[in-house]
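**Student:** return a 3D structure for these sequence lines:
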Amino acid sequence: MEVVNPSQTKKTVLPNASSTLVLGILSLVLGCGFGLILGIIGLIISKEGKQLYEENPDAYSGFANLNAGRILCIIGIVLNGVAFMVFLFWILGIAAIVGTVAGLEGL
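**Tutor:** This is a model prediction of the structure:
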């Protein structure tokens, strides 16, 4: 009877692990419009890989890339969401100032 070392068995790479990592990095690098969208896409496509790994962790490799990509996507979504909110409040502040000045000129 042959004893098989678990480290010698061929493991399948998790699907979308590399693409999740790339999308997570890009969500941090790109601006609030594209970064937010890429972060959300990265989280969506990583769902299948995480589910497969949780069902059978011994059969798959690359979970570190998938997990790092998920974390980067979450950080990218949060940072880009905050940047979007700051931008929105900035625009609303400018509009309020312009509206106030225009209202004062009518007096």
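
**Student:** in the protein, where is pLDDT below threshold?
**Tutor:** 1-9, 106-107 (pLDDT under 70).

**Student:** again, only this time at 90
**Tutor:** 1-15, 30-34, 56-62, 99-107 (pLDDT under 90).

**Student:** tell me where it has strands.
**Tutor:** For the chain, the strands defined by DSSP state E cover 12-13, 60-61.

**Student:** of those strands, which is nearest Gly42?
**Tutor:** Ranking the strands of the chain by their distance to Gly42 (criterion: Cβ to Cβ) puts strand 12-13 first, at 17.0 Å. For every residue, glycine as well, the C-beta is placed using N, CA and C.

**Student:** pull the residues that contact that closest one.
**Tutor:** With contacts defined as Cβ atoms under 8 Å, 6 or more residues apart in numbering, strand 12-13 is touched by Ala59, Tyr60, Ser61, Gly62.

**Student:** pretty sure the first one sits against Leu14.
**Tutor:** Right, Ala59. No. Between Ala59 and Leu14 no contact is recorded; they are 9.7 Å apart, counting by Cβ atoms under 8 Å.

**Student:** these two: which is more packed in?
**Tutor:** Leu14 (23 against 13; other Cβ atoms under 10 Å).

**Student:** residues in contact with that one?
**Tutor:** Gly49, Leu52, Tyr53, Tyr60, Ser61, Gly62, Phe63, Asn65, Leu66 are the contacts of Leu14 under Cβ under 8 Å, 6+ apart.

**Student:** for it, phi and psi?
**Tutor:** With angles defined as degrees, to the nearest 10, Leu14 sits at phi -60, psi 140.

**Student:** so which of the contacts of Leu14 are in helices?
**Tutor:** Residues from those lying in helices, with DSSP state H as the criterion: Gly49, Leu52, Tyr53, Phe63, Asn65, Leu66.

**Student:** write a PyMOL command that selects only the buried members of those residues.
**Tutor:** Per 16 or more other Cβ atoms under 10 Å, the buried members of those correspond to this PyMOL selection:
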select buried, resi 49+52+53+63+65+66
